[in-house]
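> below: sequence and its predicted model.
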Amino acid sequence: MPSARHLSQSRGVDATVLVGSGKGGRVTKGDVLAALANGTEMPPLTSSVLASAPVDTPAAATQAAAAPAKAASSPVVATIPEISTQGSYEDVPNNNMRKVIAKRLTESKRDVPHFYTSMEVELDEVLSLRKMLVSKHDVKVSVNDLIIRSSALALRDVPE
């Protein structure tokens, strides 16, 4: 929805009236593009739609602050909370153990190649299993325990 929201806001139309073809009926960028290409009537963007849209970046905040002036001609006032820089702290010199730990951590990060991966996983079934284990068997199991167990079983079954 973020790209669909951005596209509809940049065109000054409210895409929330569209029937979404995405997961769970979400409006996708393709839905907005198809509606614009077909000439589907969408209401103009109002300040209430802009206020409910999340603002992620300072550039998006500037665009969101400028868009209501164009669409509904009502300015949006953003309040920035004050951050207190007052306080005291004390520098404590590191002992030898801390120095060795810092040195080894730095060596590990510097000398060993690293790569990071990420993926999205639906854990609904895992969470329901976890609740069932707590309620019926009085066994507290973390999600991490279940992931490690399932990974070990998968590696056992397919050792390649």
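Received it, and whenever you're ready, just let me know what you need.

> quick one: low-confidence parts of the protein?
1, 47-75 (pLDDT under 70).

> any chance you could map the helices in it?
Under the criterion DSSP state H, the chain contains helices at 2-11, 29-38, 47-52, 58-71, 96-111, 124-137, 143-157.

> let me know which of those helices is the nearest to Val19.
Nearest to Val19, of all the helices of the chain, is helix 29-38, at 7.8 Å by CB to CB. From N, CA and C alone the C-beta is placed, and that goes for glycine too.

> quick one: distance of that closest one to the chain centre.
25 Å (CA atoms, centre = their mean, to the nearest Å).

> still on that earlier bit, in a markdown table, list the helices of the chain along with distance to Ser84 and mean neighbour count.
Output for the helices of the chain, formatted as a markdown table (distance: least, CB to CB, whole Å; neighbours: other CB atoms under 10 Å):
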| stretch | distance to Ser84 | mean neighbour count |
| --- | --- | --- |
| helix 2-11 | 33 | 16 |
| helix 29-38 | 42 | 15 |
| helix 47-52 | 28 | 14 |
| helix 58-71 | 22 | 14 |
| helix 96-111 | 29 | 10 |
| helix 124-137 | 39 | 11 |
| helix 143-157 | 36 | 11 |
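
> okay if I get these as CSV plus distance to Gln86?
As requested, the helices of the chain are exported to CSV (distance: least, CB to CB, whole Å):
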stretch, distance to Gln86
helix 2-11, 38
helix 29-38, 46
helix 47-52, 33
helix 58-71, 26
helix 96-111, 28
helix 124-137, 43
helix 143-157, 39
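
> tell me which of the ones you listed approaches Ser88 most closely.
helix 96-111 (21.9 Å).

> which residues sit against the closest one?
The contact list for helix 96-111, computed with CB atoms under 8 Å, 6 or more residues apart in numbering, reads Asn94.

> over to stretch 28-39?
Contacts for stretch 28-39 (CB under 8 Å, 6+ apart): 1, 3-4, 7-8, 11, 13, 15, 18-22, 40, 42.

> again with stretch 122-136
139-143, 146-147.

> just the residues you listed now: which is nearest Thr46?
Closest to Thr46, out of all of the contacts of stretch 122-136 and judged by CB to CB, is Val143, at 41.1 Å.

> look up how far Ala154 lies from that closest one.
Distance, Val143 to Ala154, by CB to CB, to the nearest Å: 16 Å.
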